[in-house]
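Colleague: pasting the structure only:
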């Protein structure tokens, strides 16, 4: 199976403009962060950018340094012309539904939470079955579509801040360094201190430890 190559040019608003030309006035980009970690929620953001929007450096969050992501996050959050909603699915929902369905739930919450509603959604990744709003999924959309790139930054940085808050509650796990991913240091902390209520107990590395709830 061939992979879709990553674009070499920065994301633009061509997809949003196409939707506007089809009669959709309010077009949002949606992306998520936190599908892979062993702890913490999965987070999604939905963003509507003004037509002709420009923000130097705005790109797929994975292509940016942490410092640059933070600066862009602050700029997006402070701009009232950028309409946005950040939502999550909790660890309990991840364990109940599975991570894919929980991710789709967070995406739906983000889209439905946009002030003023939304007419069409551009979603990063593969198609989302049963999504309740008109939508189109775009593989590597965070590198192609500016509103999805903005959503990727909001979701990633918001979740990083959340995990930094968890670190202050549970400093022994190092959440501020690995954000809940299954690093060697995180696995060692799990073996030494047990599983917290913030860990995804249905994820194999956590389940296999067979530790009591911390």
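Modeller: That came through fine. As the structure is a computational prediction, the values presented were derived from the model and not from experiment.

Colleague: now the residue nearest to the spatial centre of the chain: which helix or strand?
Modeller: Geometric centre of the chain, nearest residue: residue 32, 2.1 Å, by CA atoms, centre = their mean. Per DSSP states H and E, residue 32 falls inside strand 27-33.

Colleague: against which helices or strands is the helix or strand just after that strand packed?
Modeller: Past strand 27-33, further along toward the C-terminus, the next helix or strand under DSSP H and E is strand 42-48. Under the contact definition 3 or more CB pairs under 8 Å, 6 or more residues apart in numbering; DSSP states H and E, strand 42-48 sits against strand 27-33, strand 83-89, helix 99-112, helix 146-169. Placement of C-beta: from N, CA and C, glycine included.

Colleague: that older thread, relative orientation of the strand holding residue 32 and helix 99-112 in degrees?
Modeller: Calculated by axes from the mean of the first three to the mean of the last three CA atoms, to 10 degrees, strand 27-33 forms an angle of 140 degrees with helix 99-112.

Colleague: in strand 27-33, what's buried?
Modeller: The neighbour-count check on strand 27-33 (16 or more other CB atoms under 10 Å) flags 27, 28, 29, 30, 31, 32, 33 as buried.

Colleague: who are the contact partners of residue 93?
Modeller: For residue 93, the contacting residues are 102, 105, by CB atoms under 8 Å, 6 or more residues apart in numbering.

Colleague: just how off-centre is the helix or strand hosting it within its chain?
Modeller: Under the criterion of DSSP H and E, residue 93 resides in helix 91-97. Remark: helix 91-97 is offset 16 Å from the chain centroid, using CA atoms, centre = their mean, to the nearest Å.

Colleague: only the buried residues of that helix, if you could.
Modeller: In helix 91-97, counting by 16+ other CB under 10 Å, buried: 91, 93, 94, 95.

Colleague: with stretch 161-174 instead?
Modeller: Buried, per 16+ other CB under 10 Å, within stretch 161-174: 162, 163, 166, 167, 170, 173, 174.

Colleague: same list (those) but as TSV, adding distance to residue 39 and pLDDT.
Modeller: Below are the buried residues of stretch 161-174 laid out as TSV (distance: CB to CB, whole Å; pLDDT from 0 to 100):
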residue	distance to residue 39	pLDDT
162	11	98
163	8	98
166	7	97
167	11	97
170	9	96
173	8	96
174	11	96
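
Colleague: which two of the residues you listed have the greatest separation?
Modeller: 162 and 174 (14.9 Å; CB to CB).

Colleague: ok so, going back, what average pLDDT does the helix holding residue 93 get?
Modeller: What helix 91-97 shows for mean pLDDT is 98.

Colleague: could you list the low-pLDDT ranges of the chain?
Modeller: Residue ranges of the chain with pLDDT under 70: 1-8, 210-214.

Colleague: swap in 80 and give it another go.
Modeller: Filtered on pLDDT under 80, the chain yields the residue ranges 1-8, 209-214.

Colleague: picking up where we left off before, go ahead and confirm the residue nearest to the centre of the chain touches residue 46.
Modeller: No. In this structure residue 32 lies outside contact range of residue 46 using CB atoms under 8 Å: 10.3 Å.
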